[in-house]
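Here is my input; please provide its structure:
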Amino acid sequence: MDYKDIREECLEANLALPRTGLVDLTFGNVSVADPARRVFAIKPSGVDYTKLTAADIVVLDYQGNTLAGGLRPSSDTPSHRRLYLGFAGVRSVVHTHSRNAVAFAQAAIAIPCLGTTHCDYFHGPVPVTRALSPGEVETAYEWETGNVIVECFERAAINPLEVPAVLVRNHGPFAWGTSGAKAVETALALEIIADMALKTISLDRNALPAPAHILKKHYLRKHGPGAYYGQKS
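So this is what the prediction gives:
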């Protein structure tokens, strides 16, 4: 099998990253999964975006075995694999080092839900994970990165489909979605709300979160069975 469908979707999603300004150099990667076949495609490690082709995209199964592609997959592959195993309904994962989101991750501060732009995409604050222990870093760093993300959502009882992003402490953001394009859009929205939150906090360090009724209204008008934003598909 050549997995042409997910390789091409993965390629397009990865090529979108530099166009959005979400990545510098070769930082960042996108993966796209086929949950029915329990396989996913991901960017190869360190390959320049301008030289990336569908044939370069690596395909692995959910056990981490390479099924297609001759290049080494992204070093973040175990983190992506852990999220597919832990978050049902996720078809694509994006990892970037976008600057404003990284600033919150490095400060170990969740991105507060301060206004309607945030509410449109995330049903509450974007959480930050705990720090990885020395043992976790030394034994299986990238896999444990995925573990602390899943742990963060389970401990706080956060639905990953309602808050489709996280900040890994001292590292950076991960975002996800139902397609490669949607996951990249979510990663871009994350960087935008991080920029807005950073500026808001710089103006008023005591700025209050958006009221619960505003959060509910703006989130649910775009998501769920009663959504009415945009056009019917």
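
Residue 228 contacts residue 221, doesn't it?
Yes: under the criterion of Cβ atoms under 8 Å, residue 228 makes contact with residue 221 at 5.8 Å. The C-beta positions use only the backbone N, C-alpha and C, and glycine is treated the same way.

Which one's more surrounded, the two?
residue 221 (15 against 8; other Cβ atoms under 10 Å).

Give me the nearest residue to the more buried one, chain neighbours excluded.
Nearest residue to residue 221 in three dimensions, chain neighbours excluded: residue 229, at 5.1 Å (Cβ to Cβ, 6 or more residues apart in numbering).

Give me the neighbour count for the one you found.
10.

Now do the longest helix along the chain: which elements does it pack against?
Longest helix in the chain by number of residues, with DSSP state H as the criterion: helix 180-203. The criterion is 3 or more Cβ pairs under 8 Å, 6 or more residues apart in numbering; DSSP states H and E, and the helices and strands that helix 180-203 contacts are helix 4-20, strand 29-34, strand 92-95, helix 99-107, helix 116-121, strand 165-168, strand 172-177.

Just the CA atoms of stretch 122-141, as PDB, please.
Listed next in PDB are the C-alpha coordinates belonging to stretch 122-141 (Å, rounded to 0.1, in the frame of the first residue of the first chain):
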ATOM      1  CA  PHE A 122     -11.200  26.700  22.600                       C
ATOM      2  CA  HIS A 123     -13.900  25.800  25.300                       C
ATOM      3  CA  GLY A 124     -11.800  27.200  28.100                       C
ATOM      4  CA  PRO A 125      -8.100  28.000  28.800                       C
ATOM      5  CA  VAL A 126      -5.400  26.200  26.800                       C
ATOM      6  CA  PRO A 127      -3.700  24.200  29.500                       C
ATOM      7  CA  VAL A 128       0.000  23.800  30.200                       C
ATOM      8  CA  THR A 129       1.500  20.400  31.200                       C
ATOM      9  CA  ARG A 130       3.700  19.700  34.200                       C
ATOM     10  CA  ALA A 131       7.500  19.500  33.600                       C
ATOM     11  CA  LEU A 132       8.900  16.200  32.600                       C
ATOM     12  CA  SER A 133      11.100  14.500  35.200                       C
ATOM     13  CA  PRO A 134      14.800  13.700  34.500                       C
ATOM     14  CA  GLY A 135      13.800  10.000  34.300                       C
ATOM     15  CA  GLU A 136      11.100  10.700  31.700                       C
ATOM     16  CA  VAL A 137      13.500  12.700  29.600                       C
ATOM     17  CA  GLU A 138      16.300  10.100  29.700                       C
ATOM     18  CA  THR A 139      14.200   7.000  29.100                       C
ATOM     19  CA  ALA A 140      11.700   7.900  26.300                       C
ATOM     20  CA  TYR A 141      11.600  11.700  26.000                       C
END
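
returning to that earlier point: contacting residues around the longest helix of the chain?
9-10, 12-13, 16-17, 20, 22, 30, 32, 91-94, 96, 98-101, 103-104, 111-112, 114-115, 117-118, 120-122, 126, 164-165, 173, 175-177, 207 (Cβ atoms under 8 Å, 6 or more residues apart in numbering).
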